[in-house]
Structure formats: structure tokens, C-alpha cells
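# return atomic coordinates for the entry below.
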Amino acid sequence: MLGMDLKSLKKNPSLLPLFACVIVGGLGASGYLIRLATKNPDVTWSRRRNPEPWQEYKTKQYKFKSQVDHSKSPVPEY
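Okay, here's the model as predicted:
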């Protein structure tokens with residue numbers, strides 16, 4: 001395939017930005033998936049150690065940006 005080895009990349013240097021964008025996009029998507037798997041209160045990796053992980057986030061904010069101060073909002077007990 002064209003552009004898959006170093007020799008053809010030297011002939012077609014215009015493919016380098018395409019490969020760079022694909023690599024950066026893949027790293028960004030992978031990073032976001034790792035963040036979701038580690039920071040999301042809906043995900044638990046150890047049910048014995050933490051059976052109800054959402055209880056840790058009663059007063060925490062886990063969104064990227066929020067206009068509401070969650071530390072002072074009343075939270076229902078389940």
C-alpha cells in the first residue's frame with residue numbers, strides 16, 4: 001500500500017499530516033476512554049472493596065465544567 005513504508009513516504013510527504021492527525025486522534029480517544037474507565041462513578045473495578053462507587057461522588061464534581069457548586073447541594077440517601 002502506498003505510504004505504508006518509509007520509501008513511499010519520502011516520495012509522498014503530503015501523507016505525513018494525515019498520519020499525524022490519525023495518531024493524535026487515536027491517542028485522544030484512548031485517553032478519554034481511560035479517563036472514563038477510571039474516573040466515572042458508574043464504573044467499578046472491585047465490587048468487594050467498593051460496592052457502591054457512586055456514594056463517593058455525593059459532594060464531588062466529576063464533569064469537565066459545571067456552573068453548579070456540588071459541594072453544597074443536597075444529595076438524597078439511597
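
# how would you label Ala20: helix, strand or coil?
Following DSSP: H, G, I helix; E, B strand; the rest coil, Ala20 is assigned to helix.

# look at it and say how many residues are nearby.
Per other Cβ atoms under 10 Å, the neighbour tally for Ala20 reads 10. C-beta here means a position set from N, CA and C on the backbone, and glycine is covered the same way.

# distance of it from Ser14?
As judged by Cβ to Cβ, to the nearest Å, Ala20 and Ser14 stand 12 Å apart.

# next: Pro53.
Distance, Pro53 to Ser14, using Cβ to Cβ: 48 Å.

# of these two, which one has the most company?
Using other Cβ under 10 Å, the more surrounded residue of Pro53 and Ser14 is Pro53, with 16 against 8.

# contacting residues for the residue lying closest to that one once chain neighbours are set aside?
Spatially, and ignoring its direct neighbours in sequence, Pro53 is nearest to Thr44 (4.5 Å; Cβ to Cβ, 6 or more residues apart in numbering). Going by Cβ atoms under 8 Å, 6 or more residues apart in numbering, Thr44 touches Asn50, Pro51, Pro53.

# state the distance from the residue nearest to the first one when sequence neighbours are not counted to Gly31.
It refers to Asn50. Spatial nearest neighbour of Asn50, excluding adjacent residues (Cβ to Cβ, 6+ apart): Thr44 at 5.9 Å. From Thr44 across to Gly31, the span is 21 Å (Cβ to Cβ).

# what segments of the protein are strands?
Ranges of strands in the chain, per DSSP state E: none exist.

# any idea how far Ile34 lies from Gln67?
27 Å.

# please identify which of those two sits among more neighbours.
Legend: neighbour count by other Cβ under 10 Å for Ile34 and Gln67, higher for Ile34 (10 against 5).

# understood, closing this out.
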